[in-house]
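[1] what follows is a predicted protein model with its sequence.
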Protein chains: 2
Amino acid sequence: MSFTVTILGSGAAVPTLSRGTTSQFVNCQQRSILIDCGEGTQIQMRKFKVKFQGLQVILISHLHGDHIFGLAGLISTMQLLGRKEAITIVGPIGIKEFLLNQFKISGYYNGFPIEFHELAPNTEAMVYEDKCIEIKTFPLSHRIPTQGYRINEKPGKRGLDKEAFDETGISTSYIQKLISGEDVIDNEGTIVKSEDVTFPPKPTKSYAFCSDTAYHPPIINAIKGVNLLYHEATFLDKESERASETFHSTAKQAATIALKSEAKRLILGHFSARYKTMELHKEEAEAIFEKVFIPEDGEVFNV
Amino acid sequence: MSFTVTILGSGAAVPTLSRGTTSQFVNCQQRSILIDCGEGTQIQMRKFKVKFQGLQVILISHLHGDHIFGLAGLISTMQLLGRKEAITIVGPIGIKEFLLNQFKISGYYNGFPIEFHELAPNTEAMVYEDKCIEIKTFPLSHRIPTQGYRINEKPGKRGLDKEAFDETGISTSYIQKLISGEDVIDNEGTIVKSEDVTFPPKPTKSYAFCSDTAYHPPIINAIKGVNLLYHEATFLDKESERASETFHSTAKQAATIALKSEAKRLILGHFSARYKTMELHKEEAEAIFEKVFIPEDGEVFNV
């Protein structure tokens, strides 16, 4: 099953022609998830051929405009194109009023159901779970309440080692138990250990999204060992004071978090429009952490 | 002085990669005016090299999302880029709450002053006037209160016919009166008629914006004789029933309004995303009115 992240917008507060405001599309085990929704997200989705009608969950990190000004337009378009299925929107308290007030005034939303899941400041919780994936949220450190998200695949079943199983001679009716990890005893008293006739499930993968945030080591526990980490890097090291004042991070700080959390790979983003190229961001981060990526809008990463 | 209209978005409710939602930039006598502000307007302005920091007035036709979802982002960006000058926003009652509620929740607007001029339904009034231009509003016919706008140049002063003036032998102190259209008598009793020593001022020009609206002949008086008319043409003639139900117009109806109002030229727009090409819109409109234009986003029209 695929697990990919499409960067829809990698810029900071001011959108440019090359970098939109924050938004990402995550496809995990055939679940379609949007993280943040800056202005123009629906247009970026069209441009990068991301099907928005399949969206099941929208995760919002915080209520600054560059992360939410595209939400009303996206929902309206999904309605106009005939969506009927409910959608879940997870985000800080206020996201519901933000959206519904726009619809109240623009006066024409009577579409598919929207289930809001509002998060109190500093929430650490599971916000979505089904048989294949789970999504957890954890607090970041920004000027207003801001949440990070971690999307985990759940372990699949073990695979059957058909040859080893056939040698045991027991009934095939025990297979389900065995691939679920249980040992069995059949009617003849034959003991078969699950691990002897099955292969371990494929390792699960995980993705974490951390934006916007100051350098904030308390998140390390929540993002421990992720295969792919997105961490904002609004500034370069020489602007570290500005980063600290505005509760943003430098590329070096993002890399330090990646290193300490033992992430496998790191995507930087939320680049201030003041920078024409991100070569220095890459250089400063790579001095600390090996696998650093500077995304382009539209780029797809395999988790 | 230039008088131009830049089409920033010519599509209907659902933006596509080729047509954004409604927005236009008007430069008239060095005044910068934005009409409507669908999602992504600030990005279109960048793309088409329209300087948004100079904007003085934003005119909003109505509160449907495809005409206003870009407003909060545009204002935020102008703030972030350091704008200090006040801006005037003219639009139906509700536009203030719509915008300020978004800023209240996104919690970070403390920028330049915004002067709201809210219009009651069915307003016919002057909404802006200075020594060079005037902007009048008039009601359209849509599902919710909707206003059209007409931007007029004001007549300049008459030009001095220097040769004819010198022949009169009167003092140059009378020139101001003469070019203002007044006749004068000097101390020696010489009568000089303004029209004998001056040229008429250049003819003034005017632009009218009519979207969204059903076919609505009562607007003809308000847009009489405009040099350039923008009239929505969401549908083709075969969808005229749908047009009528949704309070939109067909290309044929737009052309009929242009003909009856004696407009010089007609721009169509607000095309439904169902149409891949607008050839038929042009054809149907041209059967009624000669000078019809199908704009591309980014196209600039001289008024």
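    Good, I have the coordinates.
[2] what's the local residue count around A:Ala86?
    Residues near A:Ala86, counting by other C-beta atoms under 10 Å in any protein chain shown, number 10. Backbone N, C-alpha and C define where each C-beta goes, glycine included.
[3] need the contact list for it.
    The contact partners of A:Ala86, by C-beta atoms under 8 Å, 6 or more residues apart in numbering or on different chains, come to A:Phe112, A:Pro113, A:Ile114, A:Glu115.
[4] out of those, which is most surrounded?
    Neighbour counts for those peak at A:Ile114, which has 16 neighbours (criterion: other C-beta under 10 Å).
[5] ok, and for stretch A:269-281, which residues are buried?
    Across stretch A:269-281, burial judged by 16 or more other C-beta atoms under 10 Å in any protein chain shown covers A:Gly269, A:His270, A:Phe271, A:Ser272, A:Ala273, A:Tyr275, A:Met278, A:His281.
[6] closest to chain B among the residues you listed?
    When these are compared for distance to chain B (C-beta to the nearest C-beta), A:Ala273 wins out at 8.9 Å.
[7] hang on, that closest one in a helix?
    No: under DSSP: H, G, I helix; E, B strand; the rest coil, A:Ala273 falls outside any helix and is assigned coil.
[8] quick one: it and A:Ala12 touch, right?
    Yes: if you go by C-beta atoms under 8 Å, A:Ala273 and A:Ala12 touch, sitting 6.4 Å apart.
[9] among the buried residues of stretch A:269-281, name the least confidently predicted one.
    Across these, no position has a lower pLDDT than A:Ala273, which has 90.
[10] check contacts around A:Phe52.
    A:Phe52 neighbours (C-beta under 8 Å, 6+ apart): A:Leu34, A:Gln42, A:Met45, A:Leu74, A:Thr77, A:Met78.
[11] how about the nearest residue to the fourth one, chain neighbours excluded?
    With sequence-adjacent residues excluded and distances taken as C-beta to C-beta, 6 or more residues apart in numbering or on different chains, A:Leu74 is closest to A:Gln42, at 4.5 Å.
[12] tell me which element the one you found is part of?
    Per DSSP states H and E, A:Gln42 falls inside helix A:41-47.
[13] related to what we said a few turns ago, so can I have CSV of the contacts of A:Ala86 showing pLDDT and distance to B:Phe69?
    CSV is the format used below for the contacts of A:Ala86 (pLDDT from 0 to 100; distance: C-beta to C-beta, whole Å):
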residue, pLDDT, distance to B:Phe69
A:Phe112, 93, 18
A:Pro113, 94, 21
A:Ile114, 96, 17
A:Glu115, 97, 22
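[14] so which of those sit within strands?
    Applying DSSP state E to these, the entries found in strands are A:Ile114, A:Glu115.
[15] redo the contacts of A:Phe52 as JSON lines? Include pLDDT.
    Shown next, in JSON lines, are these (pLDDT from 0 to 100):
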{"residue": "A:Leu34", "pLDDT": "98"}
{"residue": "A:Gln42", "pLDDT": "97"}
{"residue": "A:Met45", "pLDDT": "97"}
{"residue": "A:Leu74", "pLDDT": "97"}
{"residue": "A:Thr77", "pLDDT": "94"}
{"residue": "A:Met78", "pLDDT": "95"}
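[16] tell me which two of these sit farthest apart.
    Spatial extent of these (C-beta to C-beta) is set by the pair A:Leu34 and A:Thr77 at 13.0 Å.
[17] pull the contacting residues for A:Glu258.
    Slight slip there: residue A:258 is Ala, not Glu. Neighbour list for A:Ala258: A:Leu229, A:His231, A:Leu266, A:Ala285, A:Ile288, A:Phe289, A:Val292 [criterion: C-beta under 8 Å, 6+ apart].
[18] try it again with 6 Å
    Shown in contact with A:Ala258 (C-beta atoms under 6 Å, 6 or more residues apart in numbering or on different chains): A:Leu229, A:Leu266, A:Phe289.
[19] hang on, the last one packs against A:Lys260?
    No: applying C-beta atoms under 6 Å as the test, A:Phe289 and A:Lys260 come out as separate, 9.6 Å apart.
[20] between these two, which has more neighbouring residues?
    With neighbours defined as other C-beta under 10 Å, A:Phe289 and A:Lys260 compare such that A:Phe289 has more, 21 against 15.
[21] now the more buried one. Nearest residue, chain neighbours left out?
    Using C-beta to C-beta, 6+ apart and skipping the chain neighbours, the partner closest in space to A:Phe289 is A:Ala255 (3.9 Å).
[22] and whatever helix or strand the one you found lives in, average pLDDT?
    Assigned by DSSP H and E, A:Ala255 belongs to helix A:251-260. In this model, helix A:251-260 has a mean pLDDT of 98.
[23] buried residues in stretch A:115-123, which are they?
    Within stretch A:115-123, the residues scored as buried using 16+ other C-beta under 10 Å are A:His117, A:Leu119, A:Thr123.
[24] would you list every one of the helices in the stretch 51-200 of chain A?
    When assigned using DSSP state H, counting those that start in this stretch, the helices of the stretch 51-200 of chain A occupy the ranges A:65-68, A:71-80, A:95-106, A:162-168, A:175-179, A:194-197.
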